[in-house]
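> coords below, sequence missing:
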């Protein structure tokens, strides 16, 4: 990951660290690596989303481990210096600054025993469509619903999951949501 960190300009690296800290503090549901990667690429840096996601996971692990071990800023930087001497100087400075400013908040809110191991819902979009024809059938006129769920996985990576449903499947889906809503009202 250190080789790839060298590719990221300091301002984008700082933004990534800030987003990770905010995610660990439960202030944002996740890190939109796709959007950040696109902005980094637009600035002229050749990096792919997979590499950026690995960097985000590494930094998330670093910050959450430091919080679990209640490390001071100096202890974190000393640990970084002894284990990863290949990090660029600006990266160490950014990590130092972010941890010094916001690291203690993670130490308070991070509970190793209650780590979330499932994704978190961020957004849902839907659209109604009608398949008019296909290469094997001239006149389908087949309605369907497309749903796109935006979720943040436990590491904070935001992804979209899309699926299509027939109208009967959608009616079942809707019925289950109504059941959940009525159960929630009793709580």
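Looks like it came in fine. Here the structure is a predicted model, which means the values were calculated and not measured.
> can we go C-alpha only for contacts and neighbour counts from here?
Noted.
> and the residue most central in space within the chain, what does it touch?
Nearest to the geometric centre of the chain sits residue 157, at 2.1 Å (Cα atoms, centre = their mean). For residue 157, the contacting residues are 30-33, 53, by Cα atoms under 8 Å, 6 or more residues apart in numbering.
> the residue of the chain positioned farthest from its centre: which element?
Residue farthest from the centre of the chain, counting by Cα atoms, centre = their mean, is residue 138 at 42.5 Å. Element membership of residue 138 [criterion: DSSP states H and E] is none; it lies in no helix or strand.
> same check on residue 149?
Assessed by DSSP H and E, residue 149 sits inside strand 142-152.
> each with direction, which strands does that strand pair with?
Using DSSP bridges, the strands paired with strand 142-152 are strand 120-131 (antiparallel), strand 158-166 (antiparallel).
> could you give the mean pLDDT of the shortest one?
Summarised as a single mean, pLDDT over strand 158-166 is 89.
> buried residues in that strand?
Buried residues in strand 158-166, counted by 16 or more other Cα atoms under 10 Å: 158-159, 164-165.
> before we move on, what about the longest one?
Using 16+ other Cα under 10 Å as the burial criterion, the residues of strand 120-131 that qualify are residue 120.
> low-confidence ranges in this structure?
Where the chain drops to pLDDT under 70, the residues are 1, 82-85, 107-118, 155.
> okay, domains of it per the record?
Per the TED database, the domain ranges recorded for the chain read 1-105, 120-186.
> chain center to the longest one, what's the gap?
In this view, domain 1-105 has its centroid 13 Å away from the chain centroid, taken as Cα atoms, centre = their mean, to the nearest Å.
> and if you look at stretch 162-181?
Offset of stretch 162-181 from its chain centre (Cα atoms, centre = their mean): 26 Å.
> so what touches that stretch?
With Cα under 8 Å, 6+ apart, stretch 162-181 has contacts from 143-149.
> run a quick neighbour tally on residue 25.
The number of residues packed near residue 25 is 19, by other Cα atoms under 10 Å.
> now do residue 9
Look at residue 9: counted by other Cα under 10 Å, it has 14 neighbours.
> next up, phi/psi of it, please.
Note on residue 9: its backbone torsions stand at phi -60, psi 150 [degrees, to the nearest 10].
> what helix or strand is residue 22 located in?
helix 10-24.
> give me the contacts around the helix or strand just after that helix.
Downstream of helix 10-24, the next assigned helix or strand under DSSP H and E is helix 33-42. The contact list for helix 33-42 (Cα under 8 Å, 6+ apart) reads 8, 12, 46-49, 52-53, 157-158.
> switch to 7 Å and redo it
47-49, 52-53, 157-158 (Cα atoms under 7 Å, 6 or more residues apart in numbering).
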